[in-house]
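Participant: predicted model, plus sequence, below.
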Amino acid sequence: MLDIKNLQVRAEDKQILNGIDLHVNAGEVHAIMGPNGSGKSTLARVIAGHPEYQVVDGQVQFEGRDLLEMDPDERARQGVFMAFQYPVEIAGVQNQYFLKAALNAKRKHLGQPELDAMEFLQLIKEKARLLDIDQAMLSRAVNEGFSGGEKKRNEIFQMALLEPKLALLDETDSGLDIDALKVVANGVNSLRSPARATIVVTHYQRLLDYIIPDFVHVLSAGRIVKSGGKELAFELEKKGYGWLETGAEPVGA
Amino acid sequence: MAQVAEKLQPWRTVLETRPQGGPRWLQDLRDRGASRFAALGFPTVRDEDWRFTSVAPIASTEFRTAPPAIVTVQELAAVPYATLDFRLVVINGRFSAELSQLIGLPTGVRAGSLGAALTEHADVVPRYFGQLADFNARSFVAMSTAMTTDGAYVYIPDGVVLEQPLEILYLTAGGNAAEMSQARTLIVAGDRSQSRIIETYAALRGGVYFTNGVTEVFAGEGSILDHYKVQQEGLESYHVASIFVNAQRSATFSSHSFSLGGKLVRNDVNATLDGEGAEVTLNGLYLADGDRLVDNHTEIDHARAHCPSHEVYKGILGGKARAVFNGKIIVRQDAQKTNAKQTNRALLLSDDASINTKPQLEIFADDVKCTHGAAIGQLDEDAIFYLRARGLTYFEARDMLIHAFAGEILDRVQVEPLKRALEAELYAQLAKDLAEMDAV
Ligand SMILES: Nc1ncnc2c1ncn2[C@@H]1O[C@H](COP(=O)(O)OP(=O)(O)O)[C@@H](O)[C@H]1O
Ligand SMILES: [Mg+2]
C-alpha cells in the first residue's frame, strides 16, 4: 500500500530525513518509535503533504501511485489520513460543519451522493459514541479551547468518520490518561481490516499495549536504525534509545 | 459668514447657495455650520484624525447638490436590502413619500421626512437636532449642518416597542455631473423603547458622487436599540459619515457597521455612555478591494460609572486596498467600574493590501478594566493545511476560513433578511475578488 524508498527531506536548509525505506502492506500496523527530534513527525507530515518540507530525494508510492505528486487534499481524498500531533484550532468553524465538509469531499471523490442532514447526524452520533465525544464538542469551533485529550479524541473521531485506507497517528497517545488511551485505541482497532493499514508514531510503548503492531521501527537522526516485531517496543521501553544513537548493540540483544 | 478658505474654492458656490429659511433656530444653526466649515476647510493628512486618509479628491471636485430624482418601484426593488416591511426612503437627500412604507407603525411613532419634522415636530426636534453632532472640529459635520434640508426622522415614544425593524434607505440616483447628497438622520428612542433600525446607503445610478452622512441617535433610559449601517455605495463614490450616539442610564445600544462599497469611505461612530449601567456594543465588518480605501474611526466615551462597552471590528482586504482603523476609548474620571473591550482584526488577502491601525486609550479613572487587541495578517497556513489534510481543496479551505472570519460579525445581525442579504452580497463580492486573484 505504502512504499517509501530512500526518502530524504529537508526544511529550511536543514536535512531532517536521511534516506527512509519503509514498506507497509494493507492489513498491517506499523509503529514508528524514536527519540524527540528524530524526524517522526516530519515523516508523517511529508506523507500527508505538508508544504513546508522539500523532498530532496527518494520516492513515496501509495497504491502504486506517486504520492509526492499529489496535493495534500488529493492525498486525503485518496485515503491518506494523518492524526496531527498538534491539531490546529480553527476559530469560527463549527466542528460539525467541518466534519460534514470533509466527509462530503471524500464522498464526492468516490462518486457517492452527499449525505443529507439526517443521515449525517445519524452517522456522527454513532461514531461519537465510539469515541466518547459529547454533543457539545461537535457544536464548538474546531479544536478551539479543547483540552489536549479532547483534541486527540477529535482527531481519531475524524479518522473514524473518514475511514481512511492509510492512517498515520502522530503521538496521538501523548497527553492522554489511561481511560482516554483505551478509548482512542478502541477507535483505531475498530477500523483495522485487511484493506487498511495504520502507522502509529509514538514515543512510548504504552499505546502499543492496546494497538498491537505487526512491525516496530526505530527512527534516529532521520534514519530507520532498527526494525523488528512488537517485542522491539518492550526492549526500547526497558533500555531507552541511548544505545541506538551510539550505534552500539546492547548486550544480550 | 467667515471668509472662505482658499482651498475651499470649488465649494464656494455650494456654500453660497446653501439653504435658507425655516425656523429661526434652524437658520442660526445652519449659519454657524457654514461659518465653521468655511473656517475649517477640509481636513488634510496633517490632521491627526485624517493622517492616512486624504480627502483631496472630494475637496477638489466641484460637486453640486444632487437635484431631485424620480425612482421607480422596480428600481427600488433591485436594491438588495429593500425587503423589509417598514422602510423610509430618501433619494438624493430628499424624503420620498411615494417609495416609503410607514403605515402600520405603532401609535405615537413618527417616521418620515426630517425636513418636515424640523418645522412640524417643533416641541421635540429642536431639543435634539444638532445636539450630538458637534461640528466645532469636524468639517464634514459642519458641512452637513450648513446644508441639510431633509433626511430621515424617527421618533419612538417612551415604552414603545417596534416589533418589526425599520429600514432607512439613502439612495443616490445620480446624473452625469458629480453630485452630492446630505444624508442626515435623527433618531430619538424614548425611555424603555425597543427598536431595530437599519440605515442603508446605495446607488441606483451614478458614477462619481459624494454622500455626506450625519446620524444622531438618542437612546433613552432603559431603551434597547440595535442600529445597523450598511454602506454599499457605488464603487466610484465617496462616502463620509458619522454616527453620534448618546446612551442614557441602562440603555443598551448596539451598532453594526457593514462597509462594502465606495471608493473612499470614512465611517465614524462616536458613542457616549451618558448614564450609569448603559451598555454599548460596536461591531464592524468591512471589505475593500481594488484601490479602494475604507477608514473606520470609533470613539467610545465612558462618561458615567458601571458601563460596559464591547467592540469588534474586522476587515477583509484584497488587491491594493487600504484600510484604517482607529478605536478610541475615553474613560472619564467619574466612570469607575468601566469595562471596555476592543478587538480589531484584519485579513489581508494580497501582499499589496494594507491597514493602519491604532487603539487609543485615554483613561482618567482608576478602577477600570480596559482591554484591546489587534491581529492583522494573512490566512493561517496551518489552518489551511489542516483542512486540506481532511480533503478540502485549497479553495474550499480558504473560503471556509474567510467565511468564518466574517461570520463572527454577521452572526450578530438580529434581522434575518438583512443577515441573508449581507451574506449574499459579501460572499458574492469575495468570490469575485478571489476569482480575480486566482486568475493572475
Ligand atoms: N518545518 C521545519 N523547519 C525546520 N526544522 C524542522 C521543521 N520541522 C521539524 N524540524 C526539525 O527537524 C527535526 C525533527 O523534528 P520532528 O520531525 O518534529 O521530530 P519528532 O517528531 O521525532 O520529535 C527537529 O530537529 C526539528 O526541529
Ligand atoms: Mg513529533
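Facilitator: Received the coordinates, thanks. Ligands and ions are numbered 1, 2, ... in the order given.
Participant: contacts only, for the closest residue to chain B within chain A.
Facilitator: Across chain A, no residue is closer to chain B than residue A:92, which sits at 3.0 Å (Cβ to the nearest Cβ). In short, each C-beta sits where N, CA and C put it, glycine included. Going by Cβ atoms under 8 Å, 6 or more residues apart in numbering or on different chains, residue A:92 touches A:141, B:403, B:404, B:405, B:407, B:408.
Participant: how about it: what's its closest non-neighbour residue?
Facilitator: Spatial nearest neighbour of residue A:92, excluding adjacent residues (Cβ to Cβ, 6 or more residues apart in numbering or on different chains): residue B:404 at 3.0 Å.
Participant: of the contacts of residue A:92, which pair is most distant in space?
Facilitator: Longest distance between any two of these is 12.8 Å, between A:141 and B:403; criterion Cβ to Cβ.
Participant: can you map out the strands along chain A?
Facilitator: Here chain A has its strands, by DSSP state E, at A:2-11, A:14-24, A:29-33, A:54-62, A:65-66, A:80-83, A:90-94, A:141-142, A:166-170, A:197-201, A:215-220, A:223-228.
Participant: quick one: closest of those to residue B:366.
Facilitator: Of all the strands of chain A, strand A:90-94 comes closest under Cβ to Cβ, at 33.7 Å.
Participant: for that closest one, the distance to its chain's centre please.
Facilitator: Mean-position distance between strand A:90-94 and its chain equals 23 Å (Cα atoms, centre = their mean, to the nearest Å).
Participant: re earlier: name the SS class of the residue nearest to residue A:92, please.
Facilitator: What DSSP: H, G, I helix; E, B strand; the rest coil gives for residue B:404 is helix.
Participant: who in chain B is up against chain A?
Facilitator: B:380-383, B:385-394, B:396-397, B:400-401, B:403-405, B:407-408 (Cβ under 8 Å from any Cβ of the partner chain).
Participant: can you check the pLDDT for the residue of the stretch 101-250 of chain B found nearest ligand 1?
Facilitator: When scored by Cβ to the nearest ligand atom, the stretch 101-250 of chain B has residue B:235 as its residue closest to ligand 1, at 41.8 Å. With respect to pLDDT, residue B:235 has a value of 93.
Participant: so who does it touch?
Facilitator: B:261, B:262, B:263, B:290, B:292.
Participant: can you rerun that using 10 Å?
Facilitator: B:203, B:207, B:260, B:261, B:262, B:263, B:289, B:290, B:292 (Cβ atoms under 10 Å, 6 or more residues apart in numbering or on different chains).
Participant: how near is the residue lying closest to residue A:5 once chain neighbours are set aside to residue A:19?
Facilitator: Closest residue to residue A:5 apart from its sequence neighbours, by Cβ to Cβ, 6+ apart: residue A:59 at 4.8 Å. Going from residue A:59 to residue A:19 by Cβ to Cβ, to the nearest Å gives 12 Å.
Participant: okay, and the common contacts of the two?
Facilitator: A:4, A:5, A:6, A:7.
Participant: so what's the last one bridging to?
Facilitator: Note on residue A:7: beta-bridge partners residue A:20, judged by DSSP bridges.
Participant: what's the weakest-modelled helix or strand in chain A?
Facilitator: Using mean pLDDT, DSSP states H and E, helix A:242-245 stands out as the lowest-scoring helix or strand of chain A, at a mean of 66.
Participant: I figured residue A:31 hits residue A:217, correct?
Facilitator: Yes. Using Cβ atoms under 10 Å, residue A:31 is in contact with residue A:217, at 7.1 Å.
Participant: so the residue of the stretch 101-250 of chain B closest to ligand 1 belongs to a strand, correct?
Facilitator: No. Counting by three-state DSSP, residue B:235 is located in no strand; its state is coil.
Participant: who touches the residue in the stretch 51-200 of chain A that ligand 2 sits nearest to in this structure?
Facilitator: The minimum distance from the stretch 51-200 of chain A to ligand 2, using Cβ to the ion, falls at residue A:85 (4.8 Å). By Cβ under 10 Å, 6+ apart, the contact list for residue A:85 reads A:40-41, A:44-45, A:151-152, A:155, A:169-172, A:174, A:201.
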